[in-house]
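In: Here is my input, please return the structure:
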Amino acid sequence: MPDNKYLEEYTLVFSAALLDELGRFQGLNFELEKYLNIILDPKNHTFIKRKIAETNPEYKQLIPYAILHCNGKIFTYRRGKLLAEKRLHGNYSIGIGGHISVHDPSLFNTSYDDGLKREMNEEVYIDSSYSQKIGALLNDDSNDVGKVHFGIVHILSLEQPLVRPREKSINEAKFLAIEELQENFEKFETWSQICIKNLDLLIR
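Out: Now for the predicted structure:
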């Protein structure tokens, strides 16, 4: 569970029943328009206290999850003890992003990209120009963390591998070849494992 100070925040959620209506899936899904057009409709999402969202699988918290790559290598880091979500401490990750809070009122009204940039700017400095796209949707009901979260996987293609940690919870940051990620597969959090298995589709 996250620290108490984060549990009092309001986070963006949509009903898990809506996911069932659209077609619940396990792992990645590439039918972006089918899901996002409905989920991102203001009438279909709301903000609730995170302490409720973290323990109630009737809701899915929407999480931007950005993968940074450059010249065939992927930005990788280890989640430190200062991370709010204690259930992920010590795991390696290839995803940057986080919860969407009630302080992001314009996130789905004017520019989703602005919201993603805000999330990333809290975690890393990107000292390179880049292009980006939404690569897939991610749902993982195999564990307690995944049951209450839903990911939008963003792919950032950097011109140069210039990324520095901003948050102290990001440790051992580096760019690794896909082969190295596969060799250390078991060290990664579940969401990253799902993405590592599908990097050929995500960054094509």
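In: Using the three-state scheme, assign Trp191.
Out: helix (DSSP: H, G, I helix; E, B strand; the rest coil).
In: show me what contacts it?
Out: By CB atoms under 8 Å, 6 or more residues apart in numbering, Trp191 lies in contact with Tyr65, Ser93, Gly95, Leu138, Asp140, Gly146, Gly151. C-beta coordinates here come from the backbone N, C-alpha and C atoms, glycine included.
In: got the phi/psi numbers for the nearest residue to Ile100 once chain neighbours are set aside?
Out: Nearest residue to Ile100 in three dimensions, chain neighbours excluded: Leu12, at 4.0 Å (CB to CB, 6 or more residues apart in numbering). Backbone torsions of Leu12, given as degrees, to the nearest 10, read phi -80, psi 130.
In: Contact partners for Leu12?
Out: Counted by CB under 8 Å, 6+ apart, Leu12 has contacts His45, Thr46, Phe47, Gln61, Leu62, His99, Ile100, Ser101, Val102, Asp104, Leu107.
In: Which of those residues scores worst on pLDDT?
Out: Ranked by pLDDT, the contacts of Leu12 bottom out at Leu107, which scores 50.
In: Going by neighbour count, list what's buried in whatever helix or strand Leu156 lives in.
Out: Assessed by DSSP states H and E, Leu156 sits inside strand 149-158. Residues of strand 149-158 classed as buried by neighbour count (16 or more other CB atoms under 10 Å): His149, Phe150, Gly151, Ile152, Val153, His154, Ile155, Leu156, Ser157, Leu158.
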